[in-house]
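Peer 1: Sequence and computational prediction follow.
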Amino acid sequence: MSTDLVDWSSIAAADFPFPGAVPASRLAEELSAMLVSPDPEVRDEHAYTAAARWIRQGHLDEVLEDLGDTAAGRFTHPEIQARAFAPLVLRCVLTRADAAPGTVAEGAAERWYAGFASWFPAERDTRGWDDSLGWLHAVAHGADAAAAFARALPARRTELLELCARRMTAAHAERRYEQLEDARLAHALSVVLLAPGLTAEQATAWLSVVTDALEGGGPGPVPPWAFNTFATLQSLHLHLTRGLADGGVPPHAQVVATEVAAILRLPYGWLA
């Protein structure tokens, strides 16, 4: 698709004023097309930056659900940049839908969640940065979407905790987290744990996914998935201890932190 509806270089240079003369439907189509580009300037610096701002400001409310549907359909896209940016767009859409009730149909979030839940723990390309493609960050972007889904679908909170656990313990992982993916996962877990109404048992049950994955581990080099798990749990312990600037300390932070520390004594036997 031609991307000539907007002079993107000029829009970016002017700090992304909304091009009100362009129909929202055409603008959404162009943004969606640009969001699969392998060119990081087109995809990230122009399309995503514009979409995130204009969605937040309400300029794209009339096509908000269409943007969500298009993004959710990309979890099976053959190219990593398309898959990795899909959850970022969904995060924006879900956040706006929460702020402006009625902008998406009831059931839309559940529809999007199905694709996300299948993709997030299964994604194999977990590069944070690529010298050609720029930021990919599938794990971090997926974590951001998980936090947004927790707000949109409170009944899915325990599932989302388990989904994050399955992501960090994914045995097919070939890479160690190197671009703060562990912190983004820890943040998502903390956001889910902040939600009111969780019991202490629900707040800790997801850790059985971690203990089951680690069971039977022995001497030898630490595989990438175990490194990722320990790094995420370390970051989570810090989040639980300090709390979030927006939200504070989760209600069951102490009991979760205690169980996390017990797991971390497996590699760090010197911990008190």
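Peer 2: Happy to help now that I have it. Numbers count the residues shown, from 1 in each chain.
Peer 1: List the residues that contact the closest residue in space to residue 209 that isn't next to it in sequence.
Peer 2: Distance criterion Cβ to Cβ, 6 or more residues apart in numbering; nearest residue to residue 209, sequence neighbours excluded, is residue 165 at 3.8 Å. Bear in mind the C-beta positions are built from the backbone N, C-alpha and C, glycine included. Counting by Cβ atoms under 8 Å, 6 or more residues apart in numbering, residue 165 touches 206-207, 209-210.
Peer 1: can you tell me which of those are in helices?
Peer 2: 207, 209-210 (DSSP state H).
Peer 1: Would you map the helices across the stretch 51-200 of the chain?
Peer 2: Here the stretch 51-200 of the chain has its helices, by DSSP state H, counting those that start in this stretch, at 64-72, 80-99, 108-119, 138-152, 157-168, 181-194, 200-205.
Peer 1: can I get those helices in TSV with mean pLDDT?
Peer 2: Shown next, in TSV, are these (pLDDT from 0 to 100):
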stretch	mean pLDDT
helix 64-72	98
helix 80-99	98
helix 108-119	98
helix 138-152	98
helix 157-168	98
helix 181-194	98
helix 200-205	98
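Peer 1: Dump those helices to TSV, plus distance to residue 28.
Peer 2: Below are these laid out as TSV (distance: least, Cβ to Cβ, whole Å):
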stretch	distance to residue 28
helix 64-72	6
helix 80-99	11
helix 108-119	15
helix 138-152	19
helix 157-168	27
helix 181-194	27
helix 200-205	38
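Peer 1: Which among these is found nearest to residue 220?
Peer 2: Across the helices of the stretch 51-200 of the chain, residue 220 has its closest neighbour in helix 157-168 (19.9 Å, Cβ to Cβ).
Peer 1: now that closest one: how far from the chain's centre is it?
Peer 2: Its chain's average C-alpha position is 12 Å from that of helix 157-168, according to Cα atoms, centre = their mean, to the nearest Å.
Peer 1: Dump it to CSV, keeping only the CA atoms.
Peer 2: In CSV, the C-alpha atoms belonging to helix 157-168 read as follows (Å, rounded to 0.1, in the frame of the first residue of the first chain):
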residue,chain,number,x,y,z
ARG,A,157,-5.8,-12.2,36.0
THR,A,158,-4.7,-15.6,37.3
GLU,A,159,-4.3,-16.9,33.7
LEU,A,160,-2.2,-13.8,32.8
LEU,A,161,0.1,-14.5,35.8
GLU,A,162,0.6,-18.1,34.5
LEU,A,163,1.1,-16.8,31.0
CYS,A,164,4.0,-14.6,32.1
ALA,A,165,5.4,-17.6,34.0
ARG,A,166,5.2,-19.8,30.9
ARG,A,167,6.9,-17.0,29.0
MET,A,168,9.9,-16.7,31.3
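Peer 1: angle of that helix against helix 108-119?
Peer 2: 30 degrees (axes from the mean of the first three to the mean of the last three Cα atoms, to 10 degrees).
Peer 1: Just the buried positions in helix 157-168, please.
Peer 2: Across helix 157-168, burial judged by 16 or more other Cβ atoms under 10 Å covers 157-168.
Peer 1: Stretch 79-99 too?
Peer 2: 80-97.
Peer 1: now swap in stretch 130-148 and tell me
Peer 2: Of the residues in stretch 130-148, those buried (16+ other Cβ under 10 Å) are 133-148.
Peer 1: Over to stretch 214-223?
Peer 2: Those would be residue 214, for stretch 214-223 by 16+ other Cβ under 10 Å.
Peer 1: what sits up against that stretch?
Peer 2: By Cβ under 8 Å, 6+ apart, stretch 214-223 touches 169, 171, 173, 226, 229-230, 263, 266-267.
Peer 1: Understood, closing this out.
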